[in-house]
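K.L.:
Predicted model, plus sequence, below.
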Number of protein chains: 2
Amino acid sequence: MPEEILNDISHRRYNPLRGSWLLVSPHRTKRPWQGQQESPSKSSLPEYDPSCYLCPGNKRAQGDVNPKYETTFVFVNDYSAVKESQAEYTQEGDPSDLSNLLRAAPVTGKCYVLTFSSSHNLTLADLSPAQILPVINVWTSIYASHLSPSSPLSGIPLNLPAPTQMIEKPSAQYTWMQIFENKGAAMGCSNPHPHGQIWTTTGLPEEPAAELQQLIKYRKEHGGRNLLEDYAKLEMEKKERIVFENEGFLVVCPWWAVWPFEVMVVSKRHRRSLVDLSEQERKDFAEAIAEVTRRYDNLFETSFPYSSGIHQAPLEGTEEEINASHFHMHFYPPLLRSATVRKFLVGYELMAEPQRDITPEQAAKRLREDCGGELYRKNLE
Amino acid sequence: MPEEILNDISHRRYNPLRGSWLLVSPHRTKRPWQGQQESPSKSSLPEYDPSCYLCPGNKRAQGDVNPKYETTFVFVNDYSAVKESQAEYTQEGDPSDLSNLLRAAPVTGKCYVLTFSSSHNLTLADLSPAQILPVINVWTSIYASHLSPSSPLSGIPLNLPAPTQMIEKPSAQYTWMQIFENKGAAMGCSNPHPHGQIWTTTGLPEEPAAELQQLIKYRKEHGGRNLLEDYAKLEMEKKERIVFENEGFLVVCPWWAVWPFEVMVVSKRHRRSLVDLSEQERKDFAEAIAEVTRRYDNLFETSFPYSSGIHQAPLEGTEEEINASHFHMHFYPPLLRSATVRKFLVGYELMAEPQRDITPEQAAKRLREDCGGELYRKNLE
Ligand SMILES: [Zn+2]
Ligand SMILES: [Zn+2]
């Protein structure tokens, strides 16, 4: 990289997407390390688990029975963090200035669970792009069905295959849809059946709100250009942080990555949300997800834990907000040096600011050059 | 509480200290839970461990030998995240607008380790307030010795006992000092010997910068009143989030707590930093720390993991920044329901915004009413 010296000295990097800084300490990677040799891990799970609440045909906690689905299956979370209806709440209009320190606002919404496959023992890393495409199609149709009728994104023809499942319309217009996945026990996920979640709520949460503010600001200050489109172009020139790319998407360890092997999957062109993607772009996106997850598993020859999530246009918002949005997906994995050595976001990170040791350039090089082959466990006995 | 209904409905709470929101889902605490019965854990560690790099008289990684210290011991971290001297770096003045997306700034500083006791097998929870006081005294003298000579906090008479150890002056004026502790394997701390860290750096990190901005704003908008002084007063009226208080300090599960049993130890009066505390206030602070850590251990009858950290005035800053600062300490513990069931900050929390299930009022009640007795392991055989 032009700034070779950043491989050796402590520095802060700026995250223009969040408008925040992090501390990078690359010299610490020279700490002594008792290299742990772990055997490659193979899944010993059955294809069907009678006690799994996500497997086809099984009964869930509140008595509902899953259909014998073949690809994906969506249902409303039996223990949702938000609900469609609840008792009313209005903050008491206390004239005392002080009580303004105890501000609360009610939140309603709907939480879905989406299985990625009917097989209990597969993960996105095991699936081909063609097998991941149905997941993206379901995300797209759920997102589309929750869009505000007044959104400029509403009514775009989607050209999706006929849905295998009908989703009940929500009873209210929500503001934000957060599509995400927690994978692995290290991320608090207790059920290995491949699945993600979709929470949709009133109000714009903190992270997308921070990003949206930065995206809008950039457009204003740069004559309508888009931050992530410019950033993708810049990374394609520099090349050193790229993990994978195809026609539609770039997979990059961002300049400002916090997690050791954090990646961002970003649309090369300005796409506001899933409904802006062409059929080919949905395929490109599926390939990008397949590449990230397979390379992750190959890195330490283990089923790689992570949290991933999609940021895109809010379901409802001003035209400025919706048009400044730029479709991308974050992957935040905790592993650092092996299947068992992880990074903790604690202490200094919680009290002062995020900190990392290995540089994003070093991480990208490993994911790009060492991890591209076939899934390591394909030929494991 | 006046807003009873907030025990049942999903809502967002505002954190006026950070200027951010979090999602609270109290109805989720009604999820079925296979109550895990774990036996109370007792420390089986020796008082002295010959292989511990923190025990008195032992040799450290880079060859230095610890003195046979009796209370506390400070040294410069052998693997510091920042260093006092490193190669120079200036961001290339690229006229291209694009490269502004790859911003970096060098950081120098000094990282110390501070042991809290010479005994390998004790924790702050095992120490009496009188035994914690020396730790606070060392924090105070290190903080004071790093203050900018131009700070209004510089030169305040401290009335501290003679130091047991001389600390070399840093070679440059740093901006921020972060005092923190990671306790327990759940927080990535591999050495049980009681100790904390002190990182001091150029530049103001993200978290204190966000708080400082809010503190300054509040003063301006409220005729010079202080946010945390007002907040402490309000909590003393409401009582429902208080865990413990003495003359100088309030221990509270803040309205906006993210971690299940998060607490804030806050000076009741406006104190800008450690050097503003009187001798009696240092004693009150020691008692507050003893109360928090003992109650934590009693909660699940285990050595309770947490990250804690002190926020106070920057070492160098404008008069406005220094005078708006308000001394407080955060405790962020991950445990939720037992010694082994923890909260994960993943998925929605990382992608959208922090979320919690049990309310701060419920957490405070347990810490206040159920955990105040003698340390559970005192009489354990
Ligand atoms: Zn994002
Ligand atoms: Zn603070």
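P.N.:
It's in. None of these values were measured; they are calculated from a predicted model. Ligands and ions are numbered 1, 2, ... in the order given.
K.L.:
switch to C-alpha atoms for all contacts and neighbour counts from now on
P.N.:
OK.
K.L.:
now the strands for chain A?
P.N.:
Assigned by DSSP state E, chain A shows strands spanning A:11-15, A:20-24, A:73-76, A:104-106, A:109-115, A:176-183, A:195-201, A:242-245, A:249-252, A:263-267, A:306-311, A:328-332, A:355-356.
K.L.:
Now render the ones you listed as JSON lines, adding mean neighbour count and mean pLDDT.
P.N.:
Conversion of the strands of chain A to JSON lines gives the following (neighbours: other C-alpha atoms under 10 Å in any protein chain shown; pLDDT from 0 to 100):
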{"stretch": "strand A:11-15", "mean neighbour count": "22", "mean pLDDT": "93"}
{"stretch": "strand A:20-24", "mean neighbour count": "23", "mean pLDDT": "94"}
{"stretch": "strand A:73-76", "mean neighbour count": "20", "mean pLDDT": "94"}
{"stretch": "strand A:104-106", "mean neighbour count": "20", "mean pLDDT": "91"}
{"stretch": "strand A:109-115", "mean neighbour count": "22", "mean pLDDT": "96"}
{"stretch": "strand A:176-183", "mean neighbour count": "26", "mean pLDDT": "98"}
{"stretch": "strand A:195-201", "mean neighbour count": "23", "mean pLDDT": "97"}
{"stretch": "strand A:242-245", "mean neighbour count": "23", "mean pLDDT": "98"}
{"stretch": "strand A:249-252", "mean neighbour count": "28", "mean pLDDT": "98"}
{"stretch": "strand A:263-267", "mean neighbour count": "26", "mean pLDDT": "98"}
{"stretch": "strand A:306-311", "mean neighbour count": "26", "mean pLDDT": "98"}
{"stretch": "strand A:328-332", "mean neighbour count": "24", "mean pLDDT": "98"}
{"stretch": "strand A:355-356", "mean neighbour count": "24", "mean pLDDT": "94"}
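K.L.:
can I get these in CSV with distance to chain B?
P.N.:
Below are these laid out as CSV (distance: least, C-alpha to the nearest C-alpha, whole Å):
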stretch, distance to chain B
strand A:11-15, 4
strand A:20-24, 7
strand A:73-76, 15
strand A:104-106, 4
strand A:109-115, 9
strand A:176-183, 6
strand A:195-201, 8
strand A:242-245, 14
strand A:249-252, 14
strand A:263-267, 12
strand A:306-311, 5
strand A:328-332, 8
strand A:355-356, 9
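K.L.:
Could you dump these into JSON lines with distance to A:Arg60 added?
P.N.:
Supplementary listing: these in JSON lines, determined by distance: least, C-alpha to C-alpha, whole Å:
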{"stretch": "strand A:11-15", "distance to A:Arg60": "42"}
{"stretch": "strand A:20-24", "distance to A:Arg60": "42"}
{"stretch": "strand A:73-76", "distance to A:Arg60": "11"}
{"stretch": "strand A:104-106", "distance to A:Arg60": "28"}
{"stretch": "strand A:109-115", "distance to A:Arg60": "12"}
{"stretch": "strand A:176-183", "distance to A:Arg60": "20"}
{"stretch": "strand A:195-201", "distance to A:Arg60": "15"}
{"stretch": "strand A:242-245", "distance to A:Arg60": "39"}
{"stretch": "strand A:249-252", "distance to A:Arg60": "36"}
{"stretch": "strand A:263-267", "distance to A:Arg60": "33"}
{"stretch": "strand A:306-311", "distance to A:Arg60": "24"}
{"stretch": "strand A:328-332", "distance to A:Arg60": "29"}
{"stretch": "strand A:355-356", "distance to A:Arg60": "41"}
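K.L.:
what about those, which gets the closest to A:Gly372?
P.N.:
strand A:242-245 (9.1 Å; C-alpha to C-alpha).
K.L.:
Who does the closest one pair with, and is each partner parallel or antiparallel?
P.N.:
Strand A:242-245 has the following sheet partners, assigned by DSSP bridges: strand A:249-252 (antiparallel).
K.L.:
Show residues contacting the strand it pairs with.
P.N.:
A:232, A:235, A:241-245, A:263-268, A:281, A:284-285, A:288, A:292, A:364 (C-alpha atoms under 8 Å, 6 or more residues apart in numbering or on different chains).
K.L.:
Verify the contact between A:Ala81 and B:His11 for me.
P.N.:
No. Using C-alpha atoms under 8 Å, A:Ala81 is not in contact with B:His11, being 9.9 Å away.
K.L.:
Pull up the overlap in contacts between these two.
P.N.:
B:Ser25.
K.L.:
Could I get the full set of helices for the stretch 51-200 of chain A?
P.N.:
Applying DSSP state H, counting those that start in this stretch to the stretch 51-200 of chain A gives helices spanning A:129-146.
K.L.:
Might you enumerate the residues of it proximal to chain B?
P.N.:
A:79-83, A:86-87, A:89, A:98-99, A:101-108, A:178, A:180-182, A:187-188 (C-alpha under 8 Å from any C-alpha of the partner chain).
K.L.:
Now the buried members of these.
P.N.:
Buried residues within these, counting neighbours by 16 or more other C-alpha atoms under 10 Å in any protein chain shown: A:79-83, A:89, A:101-108, A:178, A:180-182, A:187-188.
K.L.:
Quick one: residues contacting the closest residue to A:Gln355 other than its chain neighbours.
P.N.:
In space, and not counting its chain neighbours, A:Gln355 is closest to A:Leu23: 4.5 Å by C-alpha to C-alpha, 6 or more residues apart in numbering or on different chains. Contact analysis of A:Leu23 by C-alpha under 8 Å, 6+ apart lists A:Ser10, A:His11, A:Arg12, A:Arg13, A:Glu353, A:Pro354, A:Gln355, A:Arg356.
K.L.:
Kindly state the beta-bridge partners for A:Leu23.
P.N.:
Going by DSSP bridges, A:Leu23 forms beta bridges with A:Arg12, A:Gln355.
K.L.:
Just give the nearest non-adjacent residue to A:Gly19, would you?
P.N.:
Closest to A:Gly19 by C-alpha to C-alpha, 6+ apart is A:Gln214, at 6.5 Å.
K.L.:
okay, that neighbour: pLDDT?
P.N.:
Turning to A:Gln214, the model gives it a pLDDT of 97.
K.L.:
likewise the one 3 residues further on?
P.N.:
Residue-level confidence at A:Lys217 comes out at 96, pLDDT.
K.L.:
try the one 5 residues further on
P.N.:
At A:His222, the predicted lDDT confidence score is 93.
K.L.:
For it, give me its contacts.
P.N.:
No contacts exist for A:His222 under C-alpha under 8 Å, 6+ apart.
K.L.:
tell me the phi and psi of it?
P.N.:
Per-residue torsions, A:His222: phi -130, psi 40 (degrees, to the nearest 10).
K.L.:
First-to-last residue distance for stretch A:309-326?
P.N.:
End-to-end distance for stretch A:309-326: 14 Å, by C-alpha to C-alpha, to the nearest Å.
K.L.:
Likewise for stretch A:75-89?
P.N.:
Start-to-end, stretch A:75-89 (C-alpha to C-alpha) is 28 Å.
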